[in-house]
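>>> What follows is a predicted protein model with its sequence.
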Amino acid sequence: MTRITIGEIARQLGADAAGDLTLEVTGVAEPQAAQGGVLALAMDQSYADALAAGGANAAVLWQGADWQSLGLQAVIFAPRSRYVLSGVSHMFEKPPEIARGIDATAVIDPTAQIGENASVGPFVVIGARAKIGDNVRILSHCTIAEDAVIGDNALLYSGVRIGARVQIGDDFIAQFGAAIGVDGFAYVTPKPGAVEEARATGKITQASKTEGFARINSLGSVIIGDRVEIGANSTLDRGTIVNTTIGDGTKLDNLVHVGHNVNVGKHCLLCGQVGIGGSSKIGDRVVLGGQVGVADHLTIGSDVVAAGKSGISSHVPSGNIVMGSPAMKMDLNVASYKALRRLPRLVAKVAKLEKAISKRGENG
């Protein structure tokens, strides 16, 4: 069990503390559930009543809190609450349990290279010429295909699939069931098909109907930078000719789909159920909210924020905040929504005016 003093927590967080800094805690809890020896997380004044209902003797509090009146023995002051939460969560992390070394049931090709201090769990399969870095932790039932490269300190949860020729940097995390380097969704018809005709003319005729599709194989792979995290059951398609790329520090939530040939920049956040169509380019520090859809062959500049459920069907310049479907600048979307809300009243007014004009015509 981890035991750490309030003073040490404050030092590691770079935060101010008061009271008995030698007091030890063994974990964290919500204010109403915290008891003695557990650090209560009450980082906003709205948690004061919940803190009073619990039995904590130590807490992380908002700046300027009167901690002594709350009956606490020691406190840490949070200048930025969620950042403090990040630091505390690392201190009391409960990492997955996996034995050091290679499990007897793992199947590893003789030509594969495994770095020092590796932990490879049951029923893992590692293909020919794969290169795995130092200090990796690979949980059960993962597969790593031929010629894949994974850097140091990787953590692969159970059921992760890494495809052929995928290259991954250091400090990588993949949650359960993530699939990286799958075939792209690319097909073509022998002659111009319905989608091409619809785009060109807005119609679909008998001439464009097809009886089948020819598959376009994916010859590229996926290149992932350092400190990237991939959520559970997310999928990254490998490129058709060039590689799909994910930049340093980018984080993908669960159920995210990145299409073939997509380039995602550095330090992006792609939230749950985001889908990015093939050959689109995403700049640096882009945030795509949950269920955002990005059409194929688009460019989204750096420092863009897209609200949840936005449907992006055209290029987005750098620095824009967009929302809606089709996505537009936030202020325009809000104005459009307000106008839409006024439509029933406007229709009623028009109907009333029409009725008045009609009666005037009858009496005229």
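Arrived safely. Just so you know, these numbers come straight off a predicted model, no measurement behind them. Residues are numbered from 1 along each chain as shown.

>>> hey, let's count contacts and neighbours off CA atoms from now on
Will do.

>>> what about residue 288, distance to residue 236?
Separation of residue 288 from residue 236 (Cα to Cα, to the nearest Å): 16 Å.

>>> and what of residue 40?
Distance from residue 40 to residue 236, by Cα to Cα: 39 Å.

>>> next one: residue 43
From residue 43 over to residue 236 the distance is 37 Å, taken as Cα to Cα.

>>> more neighbours, the two?
Using other Cα atoms under 10 Å as the criterion, residue 43 and residue 236 rank with residue 236 on top: 28 against 24.

>>> list the contacts for that one?
Going by Cα atoms under 8 Å, 6 or more residues apart in numbering, residue 236 touches 179, 180, 181, 182, 222, 244, 257, 258, 259, 260.

>>> how about low-confidence regions in this structure?
Applying pLDDT under 70 to the chain flags the ranges 1, 361-364.

>>> What are the contacting residues of stretch 329-348?
For stretch 329-348, the surrounding residues in contact (Cα under 8 Å, 6+ apart) are 320, 321, 322, 323, 324, 327.

>>> cool, and stretch 245-259?
If you take Cα under 8 Å, 6+ apart as the criterion, stretch 245-259 is touched by 184-185, 222-238, 244, 261-279.

>>> In strands, which of those residues appear?
Counting by DSSP state E, the part of the contacts of stretch 245-259 found in strands is 222-224, 229-230, 235-237, 244, 263-264, 269-270, 275-276.

>>> Buried ones only from the contacts of stretch 329-348, please, as a PyMOL command.
Of these, the buried ones go into a single PyMOL selection, burial set by 16 or more other Cα atoms under 10 Å:
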select buried, resi 320+321+322+323+324+327
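
>>> If you count neighbours, what's buried in stretch 327-343?
Neighbour-count burial for stretch 327-343, counted by 16+ other Cα under 10 Å, picks out 327, 328, 330, 333.

>>> Show me the longest helix that occurs in this structure.
When the chain is parsed with DSSP state H, its longest helix is helix 330-363.

>>> That helix: how far from the chain's middle?
Relative to the chain's own centre, helix 330-363 is displaced by 43 Å; criterion: Cα atoms, centre = their mean, to the nearest Å.

>>> repeat for stretch 95-115
Counting by Cα atoms, centre = their mean, stretch 95-115 is centred 28 Å from the centre of its parent chain.

>>> Make 358 the starting number, not 1.
I'll keep to 358 as the first residue from here, and by that count the last item is stretch 452-472.

>>> Ramachandran coordinates for residue 395?
In terms of degrees, to the nearest 10, the main-chain angles of residue 395 are phi -120, psi 140.

>>> wait, what's in contact with it?
By Cα under 8 Å, 6+ apart, the contact set of residue 395 is 382, 383, 384, 385, 386, 413, 414, 415.

>>> Pull out the buried residues from the residues you listed.
Those of the contacts of residue 395 that meet the buried threshold are 382, 384, 385, 413, 414, 415, by 16+ other Cα under 10 Å.

>>> could the residues you listed go into a markdown table alongside distance to residue 566 and secondary structure?
Output for the buried ones among the contacts of residue 395, formatted as a markdown table (distance: Cα to Cα, whole Å; DSSP: H, G, I helix; E, B strand; the rest coil):
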| residue | distance to residue 566 | secondary structure |
| --- | --- | --- |
| 382 | 69 | strand |
| 384 | 63 | coil |
| 385 | 62 | strand |
| 413 | 70 | coil |
| 414 | 72 | coil |
| 415 | 70 | strand |
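
>>> Could you dump these into TSV and include distance to residue 673?
Shown next, in TSV, are these (distance: Cα to Cα, whole Å):
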residue	distance to residue 673
382	48
384	44
385	42
413	49
414	51
415	47
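
>>> and the protein, what are its domains?
361-448, 469-534, 575-721 (automatic domain parsing).

>>> right, so of the ones you listed, which gets closest to residue 458?
Of all the domains of the chain, it is domain 469-534 that lies closest to residue 458, at 4.7 Å by Cα to Cα.

>>> so how far is the first residue of the closest one from its last?
This stretch, domain 469-534, spans 22 Å end to end (Cα to Cα).

>>> try stretch 416-436
End-to-end distance of stretch 416-436 (Cα to Cα): 14 Å.

>>> Next, the buried residues of that stretch.
416-420, 422, 424, 429-435.

>>> Find the helix or strand that residue 443 is a member of.
In this structure, residue 443 is located in helix 438-448 according to DSSP states H and E.

>>> which helices and strands does the helix or strand just after that helix pack with?
Tracing the chain C-terminally past helix 438-448 and defining elements by DSSP H and E, one meets strand 458-459 next. Secondary-structure packing of strand 458-459 (3 or more Cα pairs under 8 Å, 6 or more residues apart in numbering; DSSP states H and E): strand 476-477.
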